[in-house]
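A.B. asks: I would like to see how this sequence folds:
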Amino acid sequence: MGIPIQVTFDCANPDALAHFWCEALGYQIQEPPAGYTSWPQWLRDKGIPEEQWNDVSAAVDPDGHGPRLYFQRVPEGKIAKNRIHLDVNVGRDAVEATLRRLVEHGATVVRPPQAGERLGEFWAVLADPEGNEFCLQ
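C.D. replies: Below is the predicted model:
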């Protein structure tokens, strides 16, 4: 069995970015802890002030195979190109349609779909709503 990993995003709006990546990857917002029917119920019970409720969020693969994505609020904005990025593999025939769907959900196109030089790859470069680049291939 492999070592479970988590990918962490520093961001300004954890809830919104988590929902974007749920849409992009077919993930879901992580369920609240056992015994709670909602995150607000858990947060209220733990005495967390309402102004801190959007300090973190998490998205998980409903099948339990992909990494957990964790989103944490930080005070500074993104200032440079990502040193690491996600590749979202939808298949060559689905790149254009997926690109349009993600743009409707807040992504921007950094580089339109193009054929690559490596083994016939085809991809587009997008940015999520907070400017984090990712490849759609």
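A.B. asks: how much space separates Ala124 from Leu17?
C.D. replies: 20 Å (Cβ to Cβ, to the nearest Å). In this view, the C-beta of every residue, glycine as well, is placed from N, C-alpha and C.
A.B. asks: report the central residue of the chain.
C.D. replies: Closest residue to the average C-alpha location of the chain: Trp21 at 2.9 Å, with Cα atoms, centre = their mean.
A.B. asks: give me the secondary structure label for that residue.
C.D. replies: At Trp21 the chain is in helix, as set by DSSP: H, G, I helix; E, B strand; the rest coil.
A.B. asks: got it, and Gly131?
C.D. replies: Assignment for Gly131 (three-state DSSP): coil.
A.B. asks: hmm, back to that, gap between the residue nearest to the centre of the chain and Asp128?
C.D. replies: Distance of Trp21 to Asp128, computed by Cβ to Cβ: 7 Å.
A.B. asks: tell me the helix or strand right after the lengthiest strand in the chain.
C.D. replies: As assigned by DSSP state E, the longest strand anywhere in the chain is strand 108-115. The helix or strand immediately downstream of strand 108-115 is strand 122-127, counting by DSSP states H and E.
A.B. asks: what about that next one, average pLDDT?
C.D. replies: Averaged across strand 122-127, the pLDDT comes to 90.
A.B. asks: which other helices and strands contact that strand?
C.D. replies: With contacts defined as 3 or more Cβ pairs under 8 Å, 6 or more residues apart in numbering; DSSP states H and E, strand 122-127 has these neighbours: helix 95-104, strand 108-115, strand 133-136.
A.B. asks: one more pass at 10 Å, please.
C.D. replies: strand 86-88, helix 95-104, strand 108-115, strand 133-136 (3 or more Cβ pairs under 10 Å, 6 or more residues apart in numbering; DSSP states H and E).
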